[in-house]
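> let's see this in three dimensions:
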Amino acid sequence: MGALIPIGGGADGEIKSLLNSAFSPNKLAILRTIVRGEKVFDDKHKLHRIAYRLGTYPIGTYPGDNAKGKWFFFLKKVLKDAKHNGVSTTDSIKSILSYAIRNPTPVKRVTFDAIQGTDPHADHYVDSRNPANPSNPVDDPDIARLVDGAGTLTILLICPAPLSNDAASTPNQNVDLDRDANGNIIEKPPIKIFTPQDLSPSALSKTTRKPKWKTNAKKAKKAKKAKKAKVKSKK
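Residues are numbered from 1 along each chain as shown. Below you'll find the model as predicted:
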């Protein structure tokens, strides 16, 4: 599966596709509306919960590999503890996504990628594209460097090595919800903003090579038309 990073095929490719879809222009517009009343990317919201709510977790079958469990462990533990040059990698990621939500004019979409770095002992970190401060941007001027002229903000994660087989359970609608310092639930409906199915491309029909829902809709329309014609002929 590409060991869940650096991103390759299998579950890695699925995760990248889901993330890119969740922050594509249309979905990003939806997100901006939904999270207006809830600061989803602030320090009180946990990264693994955000991924669950956005539907950005693998659902494919990968023999011998618990891809979903490894992904949630990565978000819940590995990235949560990761720091580079004293800056939290989780804080950087959430600051970048918050910037994307707050700045619709320069940011049209967010894309995600990962590569393996040269230091196997380093923590995971986000490339800042700034030689003076090369990792984990958190301030708006540094984050702005990640946006190109077409409005694409790219988050490039630098990874020390492929993940281990550690796994965590999948979050759900009612357990492990994000809370404030007083224990009050801060997640607002909809808890599930997207599902992986919402973000995945439609399966293609083997015969028409068109999305199955279109093929089925066309068949249903033909059947309805034939039924009407049959009723007419009987009259």
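
> okay, now the nearest residue to Arg145 once chain neighbours are set aside: neighbour count?
Distance criterion C-beta to C-beta, 6 or more residues apart in numbering; nearest residue to Arg145, sequence neighbours excluded, is Arg129 at 4.9 Å. (C-beta placed from N, C-alpha, C; glycine too.) Residues lying near Arg129 (other C-beta atoms under 10 Å) number 13.

> where's Arg129, which helix or strand?
When elements are assigned from DSSP states H and E, Arg129 belongs to no helix and no strand.

> mind checking the SS state of Phe112?
strand (DSSP: H, G, I helix; E, B strand; the rest coil).

> which SS class is the closest residue to it other than its chain neighbours?
Among residues not flanking Phe112 along the chain, Leu19 sits closest, at 4.3 Å (C-beta to C-beta, 6+ apart). Three-state assignment for Leu19 (three-state DSSP): helix.

> okay but Leu19 is in contact with Gly55, surely?
No - with contact defined as C-beta atoms under 8 Å, Leu19 does not reach Gly55; the gap is 10.0 Å.

> look up how far Val110 lies from the residue nearest to Arg145.
Separation of Arg129 from Val110 (C-beta to C-beta, to the nearest Å) stands at 15 Å.

> swap in Gly69?
25 Å.

> those two: which is more packed in?
Between Gly69 and Val110, counted using other C-beta under 10 Å, Val110 has the larger neighbour count: 26 against 17.

> for the more buried one, list the residues it contacts.
Counting by C-beta atoms under 8 Å, 6 or more residues apart in numbering, Val110 makes contact with 20, 23, 28, 96-97, 100, 152-155.

> circling back: next up, the contacts around the residue nearest to Phe112.
Per C-beta under 8 Å, 6+ apart, neighbours of Leu19: 56, 111-112.

> give me the neighbour count for Asp139.
Neighbour tally, Asp139, other C-beta under 10 Å: 11.

> got the buried residues for the helix or strand harbouring Asp142?
Assignment of secondary structure by DSSP H and E places Asp142 within helix 140-144. For helix 140-144, a neighbour-count test (16 or more other C-beta atoms under 10 Å) marks 142-143 as buried.
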